[in-house]
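Student: Sequence and predicted model, in that order:
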Amino acid sequence: MRKKIVAGNWKMNNTLQEGIDLAIDINKLAAEKADKNVDIIIAPPYIHLSEVGKLIDRDRVLLSAQNCAAEQKGAFTGEVSAEMLWSVGADYVIIGHSERRAYYHEDNTILNKKIKLALDNNLKVIFCCGENLEQRESNKHFEVIKKQLSETVFTLAKEYYDSIILAYEPIWAIGTGKTASPEQAQEIHKFIRSLIAENYGDNLANETSILYGGSCKPSNAKQIFANADVDGGLIGGAALKAEDFIGIVNSFK
Ligand code: PGA
């Protein structure tokens, strides 16, 4: 049985103290009222990881970074390596987020280096893919997603897949308030699962969790999570309020 997962990407929000307060609230609600069948992951900014990691109960809430460097170590001013993230207690790292691809020009070559370094340094990977509005409107979304995955995670050996979570995040739905319809989400998730099956076989396809991301909130999560191939969510805006975030965790039937 594949895992149900809700991950919160805090992006570049919150001072350290605000982050600590949010983590304490999420940790409390996770213990008190969150669905025990759902894995909860929070991804605060780099500088919060060490402190936040000490505050959360790791049996209930796991810790992710939002990015890592594409090099192991050395003269790369301002970068943070996968090994450093592991050393402060990160369990996961998000790689391939559309904001990293768009604003920091991260292409598949860079993303592959990051995936490899993350896995080599004991981190699990939440890998994002998704099309922009123009690609969807010109009916290229299947092709775009296939290429994004074929040139990155599908180059990995099967053995790595217990450390891989995929996330489908249509760029036109991120932070825009426009959510993919449950049918649109299911259609793409099913397509991604069929690609995993083509590359690695049905068993692995059935075991790999695929999250939806893009304006997911407590009010629409139930409909999205009700689909057979949607295994949870990667949440941005709504992950910044503990009640909303745990409301989304509790949106599985
Ligand atoms: P959003 O962001 O929920 O604010 O749309 C999702 C994401 O970028 O992961």
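Tutor: Yep, it's here.
Student: Tell me, how many residues neighbour the spatially closest residue to S50 that is not a sequence neighbour?
Tutor: In this structure, S50 finds its nearest non-sequential neighbour in V88, 4.3 Å apart by CB to CB, 6 or more residues apart in numbering. In short, each C-beta sits where N, CA and C put it, glycine included. Using other CB atoms under 10 Å, V88 has 18 other residues around it.
Student: Give me the distance between the residue in the chain that the ligand sits nearest to and E159.
Tutor: Across the chain, the shortest distance to the ligand (CB to the nearest ligand atom) belongs to G236, at 2.2 Å. As judged by CB to CB, to the nearest Å, G236 and E159 stand 31 Å apart.
Student: What residues does the stretch 51-200 of the chain have near the ligand?
Tutor: Proximity of the stretch 51-200 of the chain to the ligand, by CB under 6 Å from any ligand atom, involves residues E169, I174, G175.
Student: which of these are buried?
Tutor: Buried by 16 or more other CB atoms under 10 Å: E169, I174, out of these.
Student: Can you classify I126 by secondary structure?
Tutor: Using DSSP: H, G, I helix; E, B strand; the rest coil, the secondary structure recorded for I126 is strand.
Student: Pull the number of nearby residues for it.
Tutor: Counted with other CB under 10 Å, the neighbours of I126 add up to 28.
Student: wait, doesn't it sit right on G213?
Tutor: No. The criterion here is CB atoms under 8 Å, and I126 misses it with G213 at 9.5 Å.
Student: can you pull the contacts of the residue nearest to S50?
Tutor: V88 makes contact with L49, S50, G53, according to CB atoms under 8 Å, 6 or more residues apart in numbering.
Student: I246 now?
Tutor: I26, L29, A30, K33, A34.
Student: which residues of the stretch 1-150 of the chain fall in helices?
Tutor: Using DSSP state H, counting those that start in this stretch, the helices of the stretch 1-150 of the chain run over 16-33, 49-55, 82-87, 98-103, 108-120, 133-137, 141-150.
Student: Would you show me how to pick out the buried ones of the contacts of I246 in PyMOL?
Tutor: Buried residues among these (16+ other CB under 10 Å), as a PyMOL selection:
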select buried, resi 26+29+30+34
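Student: Dump the contacts of I246 to a markdown table, plus distance to the ligand and pLDDT.
Tutor: Converted to a markdown table, these look like this (distance: CB to the nearest ligand atom, whole Å; pLDDT from 0 to 100):
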| residue | distance to the ligand | pLDDT |
| --- | --- | --- |
| I26 | 16 | 98 |
| L29 | 18 | 98 |
| A30 | 19 | 98 |
| K33 | 22 | 97 |
| A34 | 19 | 97 |
